[in-house]
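Student: Following is a predicted model, sequence given first.
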Amino acid sequence: MAAGLYAQNVPWDAHRAFGYLEKQVQFGPRIPGSREHLACRDWIVAHAEAFADTVIVQQFRAYRPVTGDTVDAFNIIARFHAGGAKRVMLSTHWDTRPFADRDPLSPGRPVPGANDGASGTAVLMEMMEHIPMLPGDTGIDVVFWDAEDMGIAGSGEGFCQGSEYYARHPVEPLPEKGILIDMIGDHELRIPVEANSMRYAPQLVAEVWEIARRLGYREVFPLETGPEVYDDHVPLNETAGIPTINVIDFHYTARGRNLWHTTRDLPSYCSPRSLQIIGEVLVTWITEQ
């Protein structure tokens, strides 16, 4: 079955995906160690269990550099075609930043995380509803990383703890390659090539950007280099040895004001259309594997 035929017969449900985004924000900030975090974990796990062959919750202790203690954190791994020898990975992070350190008015308050956390999670939750209907028997791991955003800005300490833990304690068999999505709900979605992605997996960059071009999203996925971002794909590449790219819109603003790591990271600044674009690209990529 061609990807185009699949897309026509089972269209991506952008509004359902956006509902998943809104639901996460309704839980409250998903900060490791909080009740809201545990409630959202249980919700994601239940959704994954409804569609995936196998769901693995990888528990670990996450370090909080601000307080110096540790809390429980959870990577959620949903496996489709669990016995497939060839595997690929789609991933995102589901936690939210404990403090809005880039907010000029409320730097100590937590970040709602509509875009930074909920947008990627919403796309992959919608994706799990489509994967069982896709052709082929390629194994697919859909992974939600925890404790991605607990670090201290400027130091690099405390970021991407979930993917680092997985990279040191991988779940076999390992995927051959992967796509990480992060901050993809922006109203004005624009995803240049993230610099580390081009360094680690240029062929995978070419695959995904060509799919976007064929789908008519050339302006959303310009063939130009964007910022270098330390994100969950870095430990996946460097420690786990899984060629992984980061699909990310790091420029998150409204009327010239930064929204990233602020209390204004809200659903009103996100778009169902952006979730749809990313979903269509991922569905097509998976189908062509």
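Tutor: Great, that's in hand.

Student: Spatially nearest residue to the residue of the chain most remote from its centre, not counting backbone neighbours?
Tutor: The outermost residue of the chain relative to its centre, with distances by Cα atoms, centre = their mean, is Leu105 at 27.9 Å. With Cβ to Cβ, 6 or more residues apart in numbering as the measure, Thr263 is the residue that lies nearest to Leu105, at 7.7 Å, once sequence neighbours are left out. Using the backbone N, CA and C atoms, a C-beta is placed for each residue, glycine as well.

Student: which ones are touching that neighbour?
Tutor: Shown here is Thr263, whose contacts under the criterion Cβ atoms under 8 Å, 6 or more residues apart in numbering are Ala100, Asp103, Leu105, Ser106, Arg109, Pro110, Val111, Pro112.

Student: switch the cut-off to 10 Å
Tutor: Residues in contact with Thr263 (Cβ atoms under 10 Å, 6 or more residues apart in numbering) are Pro29, Phe99, Ala100, Arg102, Asp103, Leu105, Ser106, Pro107, Arg109, Pro110, Val111, Pro112.

Student: The residues you listed into a markdown table, with extra columns for pLDDT, distance to Ser268 and secondary structure?
Tutor: Supplementary listing: the contacts of Thr263 in a markdown table, determined by pLDDT from 0 to 100; distance: Cβ to Cβ, whole Å; DSSP: H, G, I helix; E, B strand; the rest coil:
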| residue | pLDDT | distance to Ser268 | secondary structure |
| --- | --- | --- | --- |
| Pro29 | 98 | 17 | coil |
| Phe99 | 96 | 21 | coil |
| Ala100 | 97 | 16 | coil |
| Arg102 | 96 | 18 | coil |
| Asp103 | 96 | 16 | coil |
| Leu105 | 95 | 17 | coil |
| Ser106 | 96 | 17 | coil |
| Pro107 | 96 | 21 | coil |
| Arg109 | 97 | 17 | coil |
| Pro110 | 97 | 18 | coil |
| Val111 | 98 | 15 | coil |
| Pro112 | 98 | 10 | coil |
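
Student: Would you mind checking the residues you listed for buried ones?
Tutor: Among the contacts of Thr263, those classed as buried by 16 or more other Cβ atoms under 10 Å are Pro29, Phe99, Ala100, Arg102, Asp103, Pro110, Val111, Pro112.

Student: And the furthest pair within those residues?
Tutor: Across the buried ones among the contacts of Thr263, the two members that end up farthest from each other (Cβ to Cβ) are Pro29 and Arg102, 15.3 Å apart.

Student: follow-up on the earlier one: next one: the residue nearest to Leu105 from His37, what distance?
Tutor: Here Thr263 is placed at a distance of 18 Å from His37 (Cβ to Cβ, to the nearest Å).

Student: do the same with Pro132
Tutor: Per Cβ to Cβ, Pro132 is found 28 Å from His37.

Student: Give me the most central residue, this protein.
Tutor: The C-alpha lying nearest the average C-alpha coordinate of the chain belongs to Thr92 (Cα atoms, centre = their mean; 2.0 Å).

Student: Contact partners for that residue?
Tutor: Contact criterion Cβ under 10 Å, 6+ apart gives 117-125, 127, 142-145, 148, 179-184, 232, 247 as the residues in contact with Thr92.

Student: about what we covered before: could you work out the most separated pair of the contacts of Thr263?
Tutor: Checking those against each other with Cβ to Cβ, the farthest-apart pair comes out as Pro29 and Leu105, at 16.9 Å.

Student: where along the stretch 151-289 of the chain do the helices fall?
Tutor: Read by DSSP state H, counting those that start in this stretch, the stretch 151-289 of the chain holds these helices, from start to end of the chain: 161-168, 195-200, 202-214, 233-238, 272-287.

Student: Check which helices and strands the second one sits against.
Tutor: So the one you mean is helix 195-200. helix 202-214, helix 233-238, strand 244-248 (3 or more Cβ pairs under 10 Å, 6 or more residues apart in numbering; DSSP states H and E).

Student: mind checking how far the first one is from the chain centre?
Tutor: Here helix 202-214 is found 18 Å from its chain centre; the criterion is Cα atoms, centre = their mean, to the nearest Å.

Student: ditto for the second one
Tutor: On the basis of Cα atoms, centre = their mean, helix 233-238 sits 14 Å off its chain's mean C-alpha point.

Student: after the helix or strand of the chain with the lowest mean pLDDT comes which helix or strand?
Tutor: Taking all helices and strands of the chain together, the one with the lowest average confidence (mean pLDDT, DSSP states H and E) is helix 3-9, at a mean of 44. Counting by DSSP states H and E, the element after helix 3-9 in chain order, helix or strand, is helix 14-27.
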